[in-house]
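# the following block contains a protein sequence and its predicted model.
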Protein chains: 2
Amino acid sequence: MPGTSTEAKNSVPLNYGIVLYPGFQALDVFGPLDAFNTLSLLRPLNLYVIAETMDPVSTKPPVPNPHGSQFAQSVLPTHTFANAPPMDVLIIPGGIGSSDRGIQSSIDFVKKVYPSLQYLITVCTGAGIAARAGVLDGKRATTNKRQWVPNIALRDEVTWIAHARWVVDGNIYTSSGVSAGIDVTFAFIDALYGSEIAGTLADILEYERHLDPNWDPFAEKYGLKDSK
Amino acid sequence: MPGTSTEAKNSVPLNYGIVLYPGFQALDVFGPLDAFNTLSLLRPLNLYVIAETMDPVSTKPPVPNPHGSQFAQSVLPTHTFANAPPMDVLIIPGGIGSSDRGIQSSIDFVKKVYPSLQYLITVCTGAGIAARAGVLDGKRATTNKRQWVPNIALRDEVTWIAHARWVVDGNIYTSSGVSAGIDVTFAFIDALYGSEIAGTLADILEYERHLDPNWDPFAEKYGLKDSK
């Protein structure tokens, strides 16, 4: 079982999972996954796309579009919350759907699997899902800056760090909003697989990384403060 | 019909399409689409996800993985090349699949619909698909910098600009590799919907845009030169 021994915790992760729910934010999912997609060409890596059912999961927010737009993408799960295999790393994206009542099954899944993980990565309001699962209790974490106030209110037991592109506490990596998921993913790859491979991947994706976890003009823009 | 009158060409685009093919690069698709997903909450906007058939389209490259990795995502089309409705804007992503023989149906589709479009946006090696469709002939364009040599060899009639994050020529926006698709999309939104809304979207996505189309450390790294 991953995460049950020191050896397992020190090994390089092999099996990744990502939680999908209706109204996920597309870039929260595919920024990190495309870095890992590319890493999977250089290292052995498996992915489980996990949702409540095997039905396609849409980015469409679970609220009416104010302009009548029909603009969404649907992604196919490979597993459900009930039959997902053991995994080493779980990624939790954010999105408008993360504050919908339908998110409870995702919260329950995170609570169930966290003890068996080597690492947890959250993007954007995905931190709110992890917080409600209780797995951020006593930890430092960050989340979306535009949705800061409602998200940090989800769990008082978390030390919410306002001025951060991403935060690492123990085996949990949390990022700021949406595109910050790309930076936290590169930070994770850098820490676990090495700087050289992280640099190679950034070159392949032609991506200019934010290397400073404290870089955060958005926290400054909104005048945000840490929760404690 | 979009694009058949001066009025249509001057109107703000409403109907967007994106081409998917096996082995597309996920971030080429979802960087641009997530900016448009978010724009669709602020303006009326529709999307058609278009592929050869209605079967799910996987990011899995159409070549064996050298490490046995099983790491891919599958996206559901909404239309096929045969039944796609008229659209104002078409987006062509890149990816390893763009150099596979299975790409011919995508090339044929681009050739067929380009005359009816208001705008064409290509990301990464998606420019190679547009080039092979002949729609970049006589135009300035750019593409992926790591795959520069094989891509510019696809079509001598294109003036390939090496040192560019993105290039605009007439109604065609072409970007450099992968993450450059986010920047060209913001440039497109800026030009058509205005700088204020582009700035708002970047804030929502917590994205630091590259605002200079000539910013390109990757062309410098590989010492690339324009094709003419």
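On my side now, so go ahead. Since the structure is predicted, the reported quantities are computational estimates derived from the model, not experimental observations.
# now do the helices in chain A.
Using DSSP state H, the helices assigned to chain A run over residues A:6-10, A:26-39, A:104-113, A:126-132, A:148-152, A:180-193, A:195-204, A:217-222.
# tell me which of those helices lies nearest to chain B.
helix A:26-39 (3.6 Å; Cβ to the nearest Cβ). Placement of C-beta: from N, CA and C, glycine included.
# would you turn the helices of chain A into TSV with distance to chain B?
Below are those laid out as TSV (distance: least, Cβ to the nearest Cβ, whole Å):
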stretch	distance to chain B
helix A:6-10	20
helix A:26-39	4
helix A:104-113	18
helix A:126-132	13
helix A:148-152	11
helix A:180-193	5
helix A:195-204	6
helix A:217-222	5
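# mean pLDDT lowest for which of those helices?
Ranked by mean pLDDT, the helices of chain A end with helix A:6-10 at the bottom, a mean of 41.
# any idea how many residues pack against residue A:108?
By other Cβ atoms under 10 Å in any protein chain shown, 14 other residues sit near residue A:108.
# check contacts around it.
A:81, A:133 (Cβ atoms under 8 Å, 6 or more residues apart in numbering or on different chains).
# need the helices of chain A in JSON lines (columns: distance to residue B:86).
Formatted as JSON lines, the helices of chain A follow (distance: least, Cβ to Cβ, whole Å):
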{"stretch": "helix A:6-10", "distance to residue B:86": "55"}
{"stretch": "helix A:26-39", "distance to residue B:86": "25"}
{"stretch": "helix A:104-113", "distance to residue B:86": "38"}
{"stretch": "helix A:126-132", "distance to residue B:86": "37"}
{"stretch": "helix A:148-152", "distance to residue B:86": "41"}
{"stretch": "helix A:180-193", "distance to residue B:86": "34"}
{"stretch": "helix A:195-204", "distance to residue B:86": "36"}
{"stretch": "helix A:217-222", "distance to residue B:86": "38"}
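# which one of those helices lies closest to residue B:67?
Residue B:67 lies closest to helix A:26-39 among the helices of chain A, at 9.8 Å (Cβ to Cβ).
# how far out from the middle of the chain is the closest one?
On the basis of Cα atoms, centre = their mean, to the nearest Å, helix A:26-39 sits 10 Å off its chain's mean C-alpha point.
# pull the CA atoms of it into CSV?
The C-alpha coordinates for helix A:26-39 follow below in CSV (Å, rounded to 0.1, in the frame of the first residue of the first chain):
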residue,chain,number,x,y,z
ALA,A,26,-10.7,23.1,-17.0
LEU,A,27,-7.2,24.7,-16.5
ASP,A,28,-7.1,23.5,-12.9
VAL,A,29,-7.2,20.0,-14.3
PHE,A,30,-5.3,20.2,-17.6
GLY,A,31,-2.5,22.5,-16.5
PRO,A,32,-1.2,20.0,-14.0
LEU,A,33,-2.2,17.0,-16.1
ASP,A,34,-0.4,18.2,-19.2
ALA,A,35,2.8,18.6,-17.2
PHE,A,36,2.3,15.0,-16.0
ASN,A,37,1.2,13.8,-19.4
THR,A,38,4.6,15.0,-20.7
LEU,A,39,6.4,13.6,-17.7
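# and it, what does it pack onto?
Helix A:26-39 is packed against strand A:15-19, strand A:89-92, helix A:180-193, helix A:195-204, helix B:26-39, with contacts defined by 3 or more Cβ pairs under 8 Å, 6 or more residues apart in numbering or on different chains; DSSP states H and E.
# pull the residues that contact the shortest one.
Under the contact criterion Cβ under 8 Å, 6+ apart, strand A:89-92 has outside partners A:13, A:15-19, A:29, A:32-33, A:106, A:110, A:113-114, A:117-123, A:126-127, A:129-130.
# just the buried members of those residues?
A:13, A:15-19, A:29, A:32-33, A:106, A:110, A:113-114, A:117-123, A:126-127, A:129-130 (16 or more other Cβ atoms under 10 Å in any protein chain shown).
# ok, which of the helices of chain A comes nearest residue B:100?
In terms of Cβ to Cβ, the element of the helices of chain A nearest to residue B:100 is helix A:26-39, at 16.3 Å.
# could you export the helices and strands packed on helix A:26-39 as a markdown table, including distance to residue A:149?
Converted to a markdown table, the helices and strands packed on helix A:26-39 look like this (distance: least, Cβ to Cβ, whole Å):
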| stretch | distance to residue A:149 |
| --- | --- |
| strand A:15-19 | 24 |
| strand A:89-92 | 20 |
| helix A:180-193 | 18 |
| helix A:195-204 | 33 |
| helix B:26-39 | 20 |
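# so which of those comes closest to residue B:53?
Taking the helices and strands packed on helix A:26-39 one by one with Cβ to Cβ, helix B:26-39 is closest: 17.5 Å.
# can you give me the angle that closest one makes with helix A:180-193?
Here helix B:26-39 runs at an angle of 150 degrees relative to helix A:180-193 (axes from the mean of the first three to the mean of the last three Cα atoms, to 10 degrees).
# residue contacts, the residue positioned nearest the centre of chain A?
Centroid-nearest residue in chain A: residue A:122, 2.5 Å away (criterion: Cα atoms, centre = their mean). Applying Cβ under 8 Å, 6+ apart to residue A:122 gives the contacts A:91-92, A:94, A:129-130, A:141, A:143, A:172-175.
# what's the answer for residue A:227, then?
Counted by Cβ under 8 Å, 6+ apart, residue A:227 has contacts A:152, A:156, A:158-160, A:162.
# for PyMOL, what selects the buried ones among the residues you listed?
Buried subset of those, written as a PyMOL selection, criterion 16+ other Cβ under 10 Å:
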select buried, chain A and resi 152+158+159+160+162
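# quick one: contacts for residue A:165?
Counting by Cβ under 8 Å, 6+ apart, residue A:165 makes contact with A:175-176, A:180, A:183-184, A:210, A:212-216.
# would you list those in TSV and tack on neighbour count and distance to residue A:198?
Shown next, in TSV, are the contacts of residue A:165 (neighbours: other Cβ atoms under 10 Å in any protein chain shown; distance: Cβ to Cβ, whole Å):
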residue	neighbour count	distance to residue A:198
A:175	34	15
A:176	33	19
A:180	31	16
A:183	25	11
A:184	28	12
A:210	20	13
A:212	11	15
A:213	21	14
A:214	12	18
A:215	17	17
A:216	22	20
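# between those, which sits nearest residue B:40?
Using Cβ to Cβ, those come closest to residue B:40 at residue A:180, 21.7 Å.
# what about residue A:173, distance to chain B?
To chain B, residue A:173 is 16 Å away according to Cβ to the nearest Cβ, to the nearest Å.
# now do the same for that residue: its pLDDT.
On the pLDDT scale, residue A:173 is placed at 98.
# show me what contacts it?
Counting by Cβ under 8 Å, 6+ apart, residue A:173 has contacts A:119-122, A:166-167, A:184, A:187-188.
# quick one: those as a markdown table, columns for distance to residue A:75 too.
Converted to a markdown table, the contacts of residue A:173 look like this (distance: Cβ to Cβ, whole Å):
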| residue | distance to residue A:75 |
| --- | --- |
| A:119 | 22 |
| A:120 | 21 |
| A:121 | 18 |
| A:122 | 18 |
| A:166 | 24 |
| A:167 | 27 |
| A:184 | 21 |
| A:187 | 25 |
| A:188 | 22 |
